[in-house]
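got a sequence here, can you model it:
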Amino acid sequence: QVQLVESGGGLVQPGGSLTLSCAVSGNVLNRYAVAWFRQAPGKEREGVSCILSDGSTVYTDSMKGRFTISRDIAKNTVYLQMNSLKPEDTAVYYCASSLTYYRPDLPLIPRAFDSWGQGTQVTVSS
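A predicted model of the protein is given here:
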């Protein structure tokens, strides 16, 4: 089973930037898709972005242009660079992996991913 550990969350002012990291166990990034999801209090978990095993990327429409997903295969780490942060970006951010999420036109939904990290809190507030 793939293990994932998120880091990099914290408190940031509106308009600020933050980079989250997801450390993935084993050399699996060339076989697994890794995605970022987020969940705000009282809301459902929603997809943010995904990087597929071939390196192609997927973004939820509302995140395009502000968030960038990338990976370092040598470090077994996936990153989420978040810019122009807004208070509504406040949430717990999770990374998750999938062996079967292999096309960018597939819906970015939690049930498509089977291994999850514990989450990291991001709070955007002045």
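
residues in contact with the spatially closest residue to Asn27 that is not a sequence neighbour?
Nearest residue to Asn27 in three dimensions, chain neighbours excluded: Asn76, at 6.5 Å (CB to CB, 6 or more residues apart in numbering). C-betas here are computed from N, CA, C, even on glycine. Residues near Asn76 by CB atoms under 8 Å, 6 or more residues apart in numbering: Ala23, Val24, Ser25, Gly26, Asn27, Val28, Leu29.

can you rerun that using 7 Å?
Contacts for Asn76 (CB atoms under 7 Å, 6 or more residues apart in numbering) come out as Ala23, Val24, Asn27, Leu29.

report the buried members of those.
Buried residues within the contacts of Asn76, counting neighbours by 16 or more other CB atoms under 10 Å: Val24, Leu29.

I'd like the contacts of Asn76 laid out as TSV, including secondary structure.
Shown next, in TSV, are these (DSSP: H, G, I helix; E, B strand; the rest coil):
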residue	secondary structure
Ala23	strand
Val24	strand
Asn27	coil
Leu29	coil
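
thanks again, I'm all set now.
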